[in-house]
Every structure is written in structure tokens, then in C-alpha cells.
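In: below is the sequence, then the predicted model.
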Amino acid sequence: MIKVQDYRPQSFIDFTQPENVAAYQTALKKVRAELVGKHYPLVIDGERVDTAEKLQSLNPCDTSEVVGTTAKATIEDAERALQGAWKAFEGWKKWDMDARARILLKAAAILKRRRLEACALMSIEVGKNYAEADVEVAEAIDFLEYYARSAMKYAGFGSSETTWFEGEENGLMSIPLGVGVSISPWNFPCAIFIGMAAAPIVAGNCVLVKPAEDAGLIAGFMVDIMLEAGLPAGVLQFLPGVGKEIGEYLTTHAGTRFITFTGSRAVGLHINEVAAKVQPGQKWIKRVVMELGGKDAMIVDETADLDVAVTAAVQGAFGFNGQKCSAMSRLIVVDEVYDAVVNAFVERARALKVGTGEENANVTAVVNQMSFDKISSYLELAPSEGTVLLGGQAPGECGGKKGYYIQPTIVGDVERGARLAQEEIFGPVVSVLRAKDWQDALAIANSTEYGLTGGVCSNSRERLEQARAEFEVGNLYFNRKITGAIVGVQPFGGYNMSGTDSKAGGPDYLANFMQLKTVTERW
Ligand SMILES: NC(=O)c1ccc[n+]([C@@H]2O[C@H](COP(=O)([O-])OP(=O)(O)OC[C@H]3O[C@@H](n4cnc5c(N)ncnc54)[C@H](O)[C@@H]3O)[C@@H](O)[C@H]2O)c1
Ligand SMILES: N[C@@H](CCC=O)C(=O)O
């Protein structure tokens, strides 16, 4: 058993302090000097492997800038990585749990030292402002620290309780699954990327990690940290590439034991389907862990503190431009306070500054052309589905820089069945819905197929308790924003079409990557 203090989440950097802003700006300069323009090859069996074709990472806030490149894995690379990982698994599965956990703790220590570099890189690569980048890197450190400690409870024989039976020893062993594929999104390209790799790895599995096409550099940065921390060759195979090519190949492959996927509902459901089909030579049912999208709502009733509600709405809707699965994309307000809440919400949102991540703007550019086009199409739809109260334009430039800029947008009086109220837009666009009363508000909140995050701003104990029981989401928040779950504090994940409710950063998350063996010895 390793000797560590109890897990405590990282605190966040206070960017109201000028010295912290100055430190961030120094890190931006360092990253511009040392990491921008860098190329990350694949890592297969501990070797750096380059490819003829490359993937480019563009700065979304200034699309004339190529931030850097990664290799682009081919099917042959994916096949080699899979075979190599199975070889590495033979050794890795025999490591003591605490020895594996030490590698995560060492990686966390390195990341703590390089915290601002990781932040600055994300400001440039995906347009995160300082606080959003910092919260994410803190989460990445937390995942490493938390999963290292969680692993302890699965170590050895008898890690789960069984009932005593006279004349026998009975016990449960948690054993790793084998080799899996981890496919991650671009919106939390540091924390989710590393959390989805570290958890199966510490449990004794080997993992092929496929980062999102738009955020390969921060992924490469994190892989370097894991290797520096001492991860043996083949345990983590780094395979930047195209989802439809190598992602499809690996999720279909007979040799893939498990898939951990975070991304859109459409891709997730497709993977779920192909993974369910047994391929020739396949000897297991693939384990699939899915974290998908959301259409998350916050309700404000007539008993709420309106200032608390409006602050929560602005933070939940526009943090990282609404590009969070947890983002408040529906604000449901009871009729009695509708005008007061909506007017205050619009005024607060109007004050948000649009600009680059490096300038620490409140709202920056969305990640890529595809997102820009998709969000723009919802902006075109908006006037026919409600009243555009703020924004509504996609200028595609800001301060003389061409980028994927969308104005923070609020659309009032959207009907519950409208596309704006049902489909995940994944940008700075909020639909406001008017509810007759509290019961109607709760019914509206539950009228989607998703079930990820939700919130209630109310001072009615009875209603909060009703929401606790009946609001159909995996993460429910009262009288605060509905984003920003902290590892170990608010285990995260949704149900219904939002995923398999696997609860990243929760006490049982590692069990997703293990199987149990019951062993009985008659004395
Ligand atoms: N529930 C959560 O915890 C959570 C967290 C973050 C993001 N998300 C969701 O992720 C989405 C945004 O991320 P995105 O745009 O990167 O999602 P996406 O589904 O487009 O892509 C996610 C990953 O899947 C890969 N991929 C694409 N097609 C594939 C295929 N056929 N086979 C295998 N892999 C394939 C991509 O290359 C990428 O790495 C949103 O819907 C958001 O809600 C959910
Ligand atoms: N865990 C993050 C959301 C991750 C999805 O994008 C939050 O709680 O806001």
C-alpha cells in the first residue's frame, strides 16, 4: 500500500491577482517559443513513429495560425499498436497495484510543475481562457491523484466483500480486462484525455489512446508526461488519427477488449452498435463505456434568489463558449419571474467580452469550421423558433483576426419541442423556455432524451426534494451553475442518451475496466 495523504482536489488559480495573470502570460510566451510549431509522432511500443501524412492543429481564434502537427496513424499503425499492447499486457498486468499507482502520482507531480504550460497550450490550441484552462488542468491532476488512490481498494485477493462460509476461504479478485481503446473529444483535451487513459492503465490494462483531431498537441504533451513518469513501453500507445479511419478499425476489431468513448451521441451510438457485433475470432463481449452529449437545463422558480440564478445561468451557459457537455443550453423560467430573470440574464451576457483565449476573453472562438457551420445553422433557425434577445450572428472574425467567432446568443420563448430545445448545439447559444409553474418547469426539463446535468434555482425545500427524486440527470445542482464537476466531489456522467453513467472521478469508476473472479478454497 503506497503511503499518501488523503485525496484533496487541486485549488484553482485566482486570476483576479495580477501576479497570476503575469505568470500565465509568461507561460504563453514559453509555450509559443517551445511548443507552438512542434510535431508529435505516434508512440508505439515506446518508440516514436512518424507517418507520411500529418494532422494539423489550427488556432480557432486565429485560423491563419497552425499551432502544430501530429502524425496521422494508419490502419497498419493501429494494428501494430494493438498487437504490441497485448504483448505489453502480459507484463503490465503482473505489476503490483501500488507500483502502477506510483506512475500516476509521479505524472501528477510533473503536471503540477508544468500546470501553466498545459493551460497556455490549450489557450492557443482550443481557445480556452485562463480560468477554463486552469480548471481543466486541475481536473487532469485530480484524475491522476484520485485514480491512483482508488486503485488501492482493488489490490489483492478479497478486495470486495464476500460472506464467511465455514470450512472455506472465499474471495473476489479484481483483474484487468486486457487491451482497450480510449477515444476522446477535443473540448476537455487534457483532463478527459488523461482520465480515460489513466483509469484503465492503473487497473492493469493497456490502452490505445486516440485523441480528437483538433487537439493533438495537448494530448502529445500529456503522453510525454506519462512516459516521463515511467510508464513501460506498450502500455499506452499514442495514436492520433482520424476517428472514421483508425477509430472505426479499432472499435470493430476482434482484439479490442474494451472501448472507453467520450464524444457525441451520434458517434457513440455508432460505436456501441459496431462493438456489439462479434467478429470472427473474438472471444469476449466488448465492454463499452460511453460519455455522450447533453441538452442540459436549469430551472428558475419564483422563490429563487434571482442574482444567484442569473450568475449560475451566465457561468453555466457561456463557460468555454457553451462547448461543454454539461453546459446550460436550456434556461427554464416560471412565468411569474420570467421577464425579470431573462432581462437580467441578457444584460449580464451582453457584458461578456469576445476575443481570444490568450487575451483571456470571456467568450472565444468555437473549435473548428464544422462546429462554426453547425452553430451558424441553429442561429439561422432561431428567429423561427423564438425571439432572439441577444447575439444571433456568427461574424467569423474578432479584432481583425479571422476565427470561428459566434456571438453569445440568447433566444427567448422557445417551445419545448423545438429543435433549439431538443438538439445539442454545443456553442454559446441558450434557449429560454417559459413554464407555467414549477411542475411544468420540471416536466419541460425532463422532456429530452438526454440526461446529463441539470439544475434548480429555488428556495423551496419541497421542490428541491422533488427535483432530487424526479429530475432525470446524472449530475444535479441546486442554486449554482451546472458545470464544473470536481473529481471525487461530484462524480460525473449521465444516463439515458447521455451515456452509460460510468461516473468519471467517482469511487467505482475503475471497476469499468476490471472483471471479478471469485475464488473458493475448501480447507
Ligand atoms: N458526457 C461527457 O462526459 C462528455 C464530455 C465531453 C464531451 N462530450 C460530448 O462530446 C461531444 C463533443 O466532442 P467531439 O466533437 O470531439 O465528439 P465526436 O463524437 O465528434 O468525436 C469524439 C471522438 O470520436 C472520434 N470518432 C469520430 N468518428 C469515429 C468513429 N466512427 N469511430 C471511432 N471514433 C470516432 C473522433 O475522432 C474523436 O476523437 C459533444 O457531444 C459533448 O457533449 C461528452
Ligand atoms: N465535467 C465537465 C464537463 C465535461 C464535458 O464536456 C463539467 O462538469 O463541466
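Out: Looks like it came in fine. Quick caveat: nothing in here was measured; it's all calculated off a predicted structure. Ligands and ions are numbered 1, 2, ... in the order given.
In: flag every residue of the stretch 401-523 of the chain that's near ligand 1.
Out: Residues of the stretch 401-523 of the chain found near ligand 1 (Cβ under 6 Å from any ligand atom) are 424, 426, 452, 494, 498, 499. All C-beta spots, glycine's among them, are computed from the backbone N, C-alpha and C.
In: sort out for me which of those are in strands.
Out: Using DSSP state E, no member of those sits in strands.
In: got JSON lines for those residues, with distance to residue 121 too?
Out: Formatted as JSON lines, those follow (distance: Cβ to Cβ, whole Å):
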{"residue": "424", "distance to residue 121": "27"}
{"residue": "426", "distance to residue 121": "22"}
{"residue": "452", "distance to residue 121": "27"}
{"residue": "494", "distance to residue 121": "28"}
{"residue": "498", "distance to residue 121": "29"}
{"residue": "499", "distance to residue 121": "28"}
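In: as CSV, those residues with neighbour count would be great.
Out: Listed next are these as CSV, based on neighbours: other Cβ atoms under 10 Å:
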residue, neighbour count
424, 22
426, 24
452, 30
494, 28
498, 30
499, 27
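In: tell me which of these is nearest to residue 170?
Out: Comparing these against residue 170 with Cβ to Cβ picks out residue 499 as the nearest, at 34.1 Å.
In: tell me the contacts of the closest one?
Out: Residues near residue 499 by Cβ atoms under 8 Å, 6 or more residues apart in numbering: 268, 290, 291, 292, 452, 474, 493.
In: quickly list what it is bridged to.
Out: Residue 499 has the following beta-bridge partners by DSSP bridges: residue 291.
In: now it: how far from residue 233?
Out: Distance of residue 499 to residue 233, given as Cβ to Cβ, to the nearest Å: 32 Å.
In: out of the contacts of residue 499, who's the most crowded?
Out: Neighbour counts for those, by other Cβ atoms under 10 Å, peak at residue 452, which reaches 30 neighbours.
In: you'd agree it is up against residue 324?
Out: No - using Cβ atoms under 8 Å, residue 452 is not in contact with residue 324; the gap is 9.8 Å.
In: what residues does the stretch 251-400 of the chain put near ligand 1?
Out: Within the stretch 251-400 of the chain, the positions adjacent to ligand 1 are 251, 262, 263, 264, 267, 270, 271, 291, 292, 293, 294, 325 by Cβ under 6 Å from any ligand atom.
In: so who does the closest residue to the last one other than its chain neighbours touch?
Out: Put plainly, it is residue 325. Closest residue in space to residue 325, ignoring its immediate chain neighbours: residue 294 at 4.9 Å, by Cβ to Cβ, 6 or more residues apart in numbering. Applying Cβ under 8 Å, 6+ apart, we find residue 294 in contact with 325, 326, 327, 329, 424, 450, 451, 452, 453, 494, 498.
In: try 7 Å
Out: Applying Cβ atoms under 7 Å, 6 or more residues apart in numbering, we find residue 294 in contact with 325, 326, 424, 450, 452, 453, 494, 498.
In: would you mind listing what in the stretch 51-200 of the chain touches ligand 2?
Out: Near ligand 2, when you scan the stretch 51-200 of the chain using Cβ under 6 Å from any ligand atom, you find 187, 188.
In: point me to the residue of the stretch 51-200 of the chain nearest ligand 1.
Out: The nearest approach of the stretch 51-200 of the chain to ligand 1 comes at residue 185, 3.1 Å away (Cβ to the nearest ligand atom).
In: by neighbours, which of the residues of the stretch 251-400 of the chain next to ligand 1 wins?
Out: Going by other Cβ under 10 Å, residue 294 tops those with 31 neighbours.
In: ok but residue 411 is inside a strand, no?
Out: Yes - according to DSSP: H, G, I helix; E, B strand; the rest coil, residue 411 belongs to a strand.
In: okay, the residue nearest to residue 325: pLDDT?
Out: Per-residue pLDDT puts residue 294 at 98.
In: where's the spatially closest residue to residue 315 that is not a sequence neighbour, which helix or strand?
Out: Nearest residue to residue 315, sequence neighbours excluded (Cβ to Cβ, 6+ apart): residue 481, at 4.1 Å. Using DSSP states H and E, residue 481 maps to neither a helix nor a strand.
In: count the neighbours of residue 481 for me.
Out: Residue 481 has 21 neighbouring residues, counting by other Cβ under 10 Å.
In: am I right that residue 296 is in contact with residue 453?
Out: Yes - if you go by Cβ atoms under 7 Å, residue 296 and residue 453 touch, sitting 4.4 Å apart.
In: now for the residue nearest to residue 489 when sequence neighbours are not counted: which residues touch it?
Out: Closest residue to residue 489 apart from its sequence neighbours, by Cβ to Cβ, 6+ apart: residue 9 at 6.1 Å. By Cβ under 7 Å, 6+ apart, the contact set of residue 9 is 142, 486, 487, 488, 489.
In: mind putting the residues you listed into CSV with pLDDT?
Out: Below are those laid out as CSV (pLDDT from 0 to 100):
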residue, pLDDT
142, 98
486, 98
487, 98
488, 98
489, 98
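In: for the residues you listed, which two are the farthest from each other?
Out: Every pair of those checked by Cβ to Cβ; the farthest is 142 and 489, at 9.0 Å.
In: the two: which is more packed in?
Out: Higher neighbour count among residue 142 and residue 489: residue 142, with 22 against 14, using other Cβ under 10 Å.
In: now do the contacts for the closest residue to residue 77 other than its chain neighbours.
Out: Of all residues not flanking residue 77 in the chain, residue 42 sits nearest, at 5.9 Å (Cβ to Cβ, 6+ apart). Applying Cβ under 7 Å, 6+ apart, we find residue 42 in contact with 49, 51, 71, 73, 77, 238, 239, 240.
In: let's have those residues in TSV, adding pLDDT.
Out: Output for the contacts of residue 42, formatted as TSV (pLDDT from 0 to 100):
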residue	pLDDT
49	98
51	98
71	98
73	98
77	98
238	98
239	98
240	98
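In: restricted to strands, list the residues you listed.
Out: 49, 71, 238.
In: list the buried residues for stretch 477-488?
Out: Across stretch 477-488, burial judged by 16 or more other Cβ atoms under 10 Å covers 477, 478, 480, 481, 482, 483, 484, 485, 486, 487, 488.
In: nope, stretch 52-71 is what I meant
Out: Buried residues in stretch 52-71, counted by 16+ other Cβ under 10 Å: 54-55, 57-63, 65, 67-71.
In: how about stretch 230-240?
Out: By 16+ other Cβ under 10 Å, the buried positions in stretch 230-240 come out as 231, 232, 233, 234, 235, 236, 237, 238, 239, 240.
In: that stretch near ligand 1 at all?
Out: No - under the criterion of Cβ under 6 Å from any ligand atom, ligand 1 is not reached by stretch 230-240; the shortest gap measures 9.1 Å.
In: how close does residue 107 get to residue 28?
Out: Where residue 28 is concerned, residue 107 sits at a distance of 23 Å (Cβ to Cβ).
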